[in-house]
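>>> model the structure of this input:
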Amino acid sequence: MKVNLMWGQGHPLSGYLNVDPHTYGVEGVNTGDVTNLDGYVNDSEATEILALDVIDFLPLDMAGKAMHNWVQKLRHGGKIVVGGTDVSLVCMMFNKKAMDLTEFNKIIHGNQTTGWDFKASHLSIKELVELLEGLDLKILKKRHSQFQMSVEAQRP
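Presented below is the predicted three-dimensional model:
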């Protein structure tokens, strides 16, 4: 089983169980809690979990608990890709005056145009790697695209 976790504006992927707490009535998307997959996935069932833009919207302590739940759902050899905004890069660019205060706030806090688009916490790629390694995962890839980061890890 492959799982795609979304937060309000994601696109459902074919061949994946798509879960989003803010999407209602969209074909192929299950409206549900992305922090706890117990109702959707058995432990050690998932071969892949994508959470490319979810952790920024969770309070920091909830993000850690959610990742723990996701890892429990991975089968041995299964992969997880977690992404979000790299707060270190954003702050560095703001400090270098490469962006103005309005852009900085939009990146850090979200667009805030809907009830769900408020970011609650941030990590750097270093902290995300440490969290995943702390869950006994092997880091396979680390990527940046502008301010977005993603880390791919595997359950041994």
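>>> which parts of the longest strand seen in the chain are buried?
Taking DSSP state E as the criterion, the chain has its longest strand at strand 74-85. By neighbour count on 16 or more other Cβ atoms under 10 Å, the buried set for strand 74-85 is 74, 78, 79, 80, 81, 82, 83, 84, 85. Heads up, the C-betas are built off the backbone N, CA and C, glycines and all.
>>> pull the residues that contact that strand.
Under the criterion Cβ atoms under 8 Å, 6 or more residues apart in numbering, residues 44-56, 67, 70-71, 107-108, 119, 122-123, 128, 132, 137, 140, 147-156 lie in contact with strand 74-85.
>>> before we move on, the earlier item: from the buried residues of strand 74-85, which two are the most distant?
The largest distance within the buried residues of strand 74-85, taken as Cβ to Cβ, falls between 78 and 85 and amounts to 25.2 Å.
>>> filter the contacts of strand 74-85 down to just the buried residues.
Here, 16+ other Cβ under 10 Å leaves 46, 48-56, 67, 70-71, 107-108, 119, 122-123, 128, 132, 137, 147-155 buried among those.
>>> so which bits of the helix or strand bottoming out on mean pLDDT in the chain are buried?
Among the helices and strands of the chain, strand 29-31 carries the lowest confidence by mean pLDDT, DSSP states H and E, at a mean of 91. For strand 29-31, burial by neighbour count (16+ other Cβ under 10 Å) applies to 29, 30.
>>> what's that strand packed up against?
strand 17-20 (3 or more Cβ pairs under 8 Å, 6 or more residues apart in numbering; DSSP states H and E).
>>> check the average confidence over the strand it packs on, would you?
Averaging pLDDT along strand 17-20 yields 96.
>>> what lines up beside it in the sheet?
Taking DSSP bridges as the criterion, strand 17-20 forms sheet pairs with strand 2-5 (parallel), strand 29-31 (parallel).
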